[in-house]
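Asks: Structure, please.
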Amino acid sequence: MDSGDDGSGDDDGHVSALHSAEQQRRHELFEHLWTAVSGFHRHISLDHANVDSEQLEWCLAHVAERRRGTRASNLSVIAELHLRGNRLTRLPPALLAELGGLTTLSLDGNALTDVPDELGHCVALRQLSLARNA
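Replies: Numbers count the residues shown, from 1 in each chain. Alright, predicted model coming up:
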């Protein structure tokens, strides 16, 4: 047995707790986004929500999955999306492809180095804020 392993399984418990916390965080973000989209809210703010690119992409994929076959709103009703002060390193192209009605996108204070070509799908976009990125 390795001297760093006391056989108690504490490392497994720690990893399990981190995994569980990540699942809970994704679920909370998903519920926030789903509530906004299904309620036809036009302004969504996830400012300083400690969201990373993978979490955002996961949430959007699950919103799209839940929407299938329902009368729930799609993402094109969103006019303003605020994601300031998070941990985004990239924007999910699928997100941008569905935001045709977006007029304001605030991405200040993230770790973005570029924006994908899919930003061109946001034909109504009038204000893009990218200050203080990597």
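
Asks: got the buried residues for stretch 75-92?
Replies: Neighbour counts over stretch 75-92 (16 or more other Cβ atoms under 10 Å) mark 75, 77-86, 88, 90-92 as buried. No exception for glycine: its C-beta is placed from N, CA and C like everyone else's.

Asks: pretty sure residue 82 contacts residue 46?
Replies: Yes: contact criterion Cβ atoms under 8 Å: residue 82 and residue 46 qualify, at 6.8 Å.

Asks: quick one: the helices in the chain?
Replies: Assigned by DSSP state H, the chain shows helices spanning 10-38, 53-67, 93-97.

Asks: Would you mind putting those into CSV with mean pLDDT alongside?
Replies: Output for the helices of the chain, formatted as CSV (pLDDT from 0 to 100):
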stretch, mean pLDDT
helix 10-38, 69
helix 53-67, 80
helix 93-97, 80
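
Asks: Could you dump these into a markdown table with distance to residue 108 and mean neighbour count added?
Replies: A markdown table is the format used below for the helices of the chain (distance: least, Cβ to Cβ, whole Å; neighbours: other Cβ atoms under 10 Å):
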| stretch | distance to residue 108 | mean neighbour count |
| --- | --- | --- |
| helix 10-38 | 19 | 13 |
| helix 53-67 | 16 | 17 |
| helix 93-97 | 17 | 18 |
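
Asks: can you list the ones you listed in JSON lines and add distance to residue 110?
Replies: Converted to JSON lines, those look like this (distance: least, Cβ to Cβ, whole Å):
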{"stretch": "helix 10-38", "distance to residue 110": "15"}
{"stretch": "helix 53-67", "distance to residue 110": "9"}
{"stretch": "helix 93-97", "distance to residue 110": "14"}
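
Asks: closest one to residue 132 among these?
Replies: Residue 132 lies closest to helix 53-67 among the helices of the chain, at 16.8 Å (Cβ to Cβ).

Asks: ok, now which ones touch the residue positioned nearest the centre of the chain?
Replies: Nearest residue to the geometric centre of the chain (Cα atoms, centre = their mean): residue 56, 1.9 Å. Taking Cβ atoms under 8 Å, 6 or more residues apart in numbering, we find residue 56 in contact with 29, 46, 83, 88, 92, 95.
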